[in-house]
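[1] no FASTA, just this:
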């Protein structure tokens, strides 16, 4: 459940909370065991008074369980992301770990100094200046005044809000507040950094600066726990991910797989959601997975030995054993993606591709229901799930297919120039359309196909993408 549960009317906490205590020394930074959080919700203001007078003889409230029996561990130095639909309990969980809320039942153990960025400007006094709030916030995080003095210039430089630093915080924009709050949090040298969707605020330059600092904090051995709705961010930054829904921890595991399950749940029809939740539960909790092991499993590369042609890089080819085991298919809303494949320009199916050549990624779309404002899309991703690029059949719903009849079959073809360096890559396919006036996925398949790029002894490019840079060297 998100933090906006606290804004519900007539809502109070149950008072049988378990104390949050420091974790024992060792490799565990955060340990959560059988954690529950319940609220009493009153329909009318007078019911609160009646409950006090009843003294337990009668109940005038209904229970709302924001979290129910959550257990997991985060090791020191790990970066863990939390995903889930709005109202799933993500923000409530972070507040409990930080100690700003008390649990109803269960235990939380933490080891190390925690710096948290839970809400915009949380902990700031709007009447005080930014400078005064820096000292107060840092003191709450355990820094002495001398320590803050030593770091103040770094805090001010990172926040980059100019003369507003000496103005009351109530005059700040939301972006300025999060700049200052984030700057304080990362400059206290936290052993555990907890961030709740704050990285989506600010311009691109500030966001990149935040990500860069988080990477530095992670490289220094800090533990990071954060909530984000951006699947690409979770995949790129995290070692593991947690999927939460309706106060329940559904799955723990490799970020790419967890984000795929989250997106499938997000776009599932309401009547199919409970069955999908049960399916995700059966997948189990991979508490100790690491990114290297998970990536190898998701790619199924160990099950498909490269062909001789691939090893010597002489020609394009098709390997029938090169099939992804990480495919995730969304629930259909009246459309189905069929027969996805990569073709050469003369129509030959291939999954061993040559750098610099043009290929066609094609699939068929079969419609069992009529649909409006239909668009078709594709995406190419790395083994770890980072989105390299994609395309859509129209740049907006207004330019899409206005109407598609039930029973129709379409063939979609995307031509792309293969500018990728040697490696293994995955393809997505998706169909969107309007449902009750809202654009959503009519069908989507993640990791529906995979391909390898052939080695090229003449290739001087580095990294993932070949930008065809031709250096000119001149002696001066």
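    That came through fine. Small disclaimer: the values here were computed from a predicted structure and weren't measured.
[2] Can you tell me how far residue 102 is from residue 175?
    With the distance defined as Cβ to Cβ, to the nearest Å, residue 102 ends up 32 Å from residue 175. Every residue, glycine included, has its C-beta placed from N, CA and C.
[3] Neighbour count: those two, which is higher?
    More crowded of residue 102 and residue 175, by other Cβ atoms under 10 Å: residue 102, with 17 against 14.
[4] name the element that one belongs to?
    In the assignment (DSSP states H and E), residue 102 maps to no helix and no strand.
[5] Distance check, it against residue 118.
    For residue 102 relative to residue 118 (Cβ to Cβ), the value is 15 Å.
[6] residues making contact with the helix or strand hosting residue 274?
    Assessed by DSSP H and E, residue 274 sits inside helix 273-282. Identification of contacts with helix 273-282 by Cβ atoms under 8 Å, 6 or more residues apart in numbering yields 243, 245, 246, 248, 250, 251, 261, 264, 265, 268, 331.
[7] In CSV: those, plus distance to residue 442, secondary structure and pLDDT.
    As requested, the contacts of helix 273-282 are exported to CSV (distance: Cβ to Cβ, whole Å; DSSP: H, G, I helix; E, B strand; the rest coil; pLDDT from 0 to 100):
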residue, distance to residue 442, secondary structure, pLDDT
243, 23, strand, 95
245, 22, strand, 93
246, 25, coil, 90
248, 28, strand, 94
250, 24, strand, 94
251, 25, strand, 93
261, 19, helix, 90
264, 14, helix, 88
265, 17, helix, 88
268, 13, coil, 82
331, 10, coil, 90
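[8] Name the nearest of the residues you listed relative to residue 401.
    Distances from residue 401 to the contacts of helix 273-282, taken as Cβ to Cβ, are shortest for residue 331 (21.4 Å).
[9] Pull out the buried residues from stretch 343-363.
    By neighbour count on 16 or more other Cβ atoms under 10 Å, the buried set for stretch 343-363 is 343, 344, 350, 351, 352, 353, 354, 355, 359, 361, 362, 363.
[10] Would you confirm that residue 126 contacts residue 177?
    No - using Cβ atoms under 8 Å, residue 126 makes no contact with residue 177, being 9.4 Å away.
[11] between those two, what contacts are shared?
    Joint contacts of residue 126 and residue 177 (Cβ under 8 Å, 6+ apart) are residue 169.
[12] between the two, which one's more packed in?
    Per other Cβ under 10 Å, whichever of residue 126 and residue 177 has more neighbours is residue 177, with 24 against 12.
[13] Kindly confirm my reading that the more buried one is in a helix.
    Yes - looking at residue 177 with DSSP: H, G, I helix; E, B strand; the rest coil, it is inside a helix.
[14] Hmm, it is touching residue 168, no?
    No - using Cβ under 8 Å, residue 177 is not in contact with residue 168; the gap is 11.6 Å.
[15] where do the helices sit along this protein?
    45-54, 90-98, 130-140, 145-159, 174-186, 204-219, 231-237, 255-266, 273-282, 291-299, 308-312 (DSSP state H).
[16] quick one: average pLDDT of the second one?
    Read that as helix 90-98. Average pLDDT, helix 90-98: 91.
[17] just the longest one next, same as before
    Averaging the model's pLDDT scores along helix 204-219 yields 78.
[18] the inter-axis angle of it versus helix 145-159?
    Orientation of helix 204-219 against helix 145-159 (axes from the mean of the first three to the mean of the last three Cα atoms, to 10 degrees) gives an angle of 140 degrees.
[19] which helices and strands sit right next to helix 204-219?
    Helix 204-219 makes packing contacts with helix 174-186, strand 192-196, strand 223-227, helix 231-237 when contacts are defined by 3 or more Cβ pairs under 8 Å, 6 or more residues apart in numbering; DSSP states H and E.
[20] For it, buried residues please.
    Under the neighbour-count criterion of 16+ other Cβ under 10 Å, helix 204-219 has 206, 209, 210, 213, 214, 217, 218 buried.
[21] likewise the fourth one?
    Of the residues in helix 145-159, those buried by neighbour count under the rule 16+ other Cβ under 10 Å are 148, 151, 152, 155, 156, 158, 159.
[22] one step back: for residue 67, find the nearest of the helices of the chain.
    helix 90-98 (5.8 Å).
[23] what comes into contact with the closest one?
    Outside helix 90-98, the residues touching it (Cβ under 8 Å, 6+ apart) are 1-5, 20, 30, 32, 35, 37, 66-67, 70, 82-84, 101-103, 108, 110, 114, 116, 118, 194, 196-197, 225, 227, 244.
[24] again with stretch 189-197
    Stretch 189-197 has contacts (Cβ under 8 Å, 6+ apart) with 3, 29-30, 76, 90-91, 94, 97-98, 110-119, 141, 185-186, 214, 217, 222-229.
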